[in-house]
Structures are given as C-alpha cells and as structure tokens.
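**Q** here is a sequence together with a model predicted from it:
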Amino acid sequence: ALAEGLKTNTKLQRLDLSRNRLGDVAGKALAEALKVNKTLLVLNLANNGLGDEAGKALMEALKTNMALQRLDLADNGLGDEAGKAILEALNMDIALERLDASGNRFSDGMKEALRQADEDKDVVRV
C-alpha cells in the first residue's frame, strides 16, 4: 500500500522506513514505486533485511529516478549480486549523491571494487 502511494506522491520528500523488517518483497515494491516517483529526495531503508533481489531492484530504479539524492541501505544483508548492481548504477548518470551500503555482506573484493568505482564521485559508503 505504501509503495502504491509513493507512485502518485507529489509532496513527500523524505521517508524513513529503517528497522521495519521489510524484506525482499517490500523492497522490490518500493523499487517499482521509485521508478515513477519524482519528489522523494531521501529514503532510509537501513536494517530491513532487504537482500540482493531488493538491492538489485532499487539500483535498477535509480536508472530512471532522477529525484532521489540519498539512499540508506546499511545493514540489509546485501551481497555481491547487489554490489554488482551498485557498480552498474555508479557507471550511469544517476541523481544519487549519497548511498550508505555499510554493514552488508559484500566480499572484500566487492568492497574494493565499489571504492574504486566511486573514487571520483564519493557517493558510496561501504
């Protein structure tokens, strides 16, 4: 229901859904909403057990969402599959200015790849 509301939202600019145990299904629904939402600037999804599928869906949404500036995905159990999606998003022209992906399950190699890809932009925190 919340994700559906975000699709038509024209006022809400900040949303904190941290620590709500949303999981992959809700994370993917939020990603679908982000594809069409044009007003949300800050979204905190920290500590929700989102997992790789939701992480990948959220990164896919950033390819079309030109409003979201800050996204917190800390402590969600994201692994290297989501890390690859983050790398791909970083190589595109996205609006995101800050992405907190700390406290996830990225391998050391993925953390290093994210740091290197982000070297000039200083967007991602791992």
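**A** Yep, that arrived. Numbers count the residues shown, from 1 in each chain.

**Q** quick one, helices of the protein?
**A** For the chain, applying DSSP state H gives helices covering 2-8, 23-36, 51-62, 80-90, 108-117.

**Q** counting by contacts, list what the fourth one packs against.
**A** Packing partners of helix 80-90 (3 or more C-beta pairs under 8 Å, 6 or more residues apart in numbering; DSSP states H and E): helix 51-62, helix 108-117. Where C-beta positions appear, they are placed from N, C-alpha and C, glycine not excepted.

**Q** give the buried residues for the worst-scoring helix or strand of the chain on mean pLDDT.
**A** Scoring the helices and strands of the chain by mean pLDDT, DSSP states H and E places helix 2-8 at the bottom, with a mean of 92. By 16 or more other C-beta atoms under 10 Å, the buried positions in helix 2-8 come out as 3, 6.

**Q** tell me what that helix is packed against?
**A** helix 23-36.

**Q** between the helices of the chain, which gets nearest to residue 96?
**A** helix 51-62 (5.8 Å; C-beta to C-beta).
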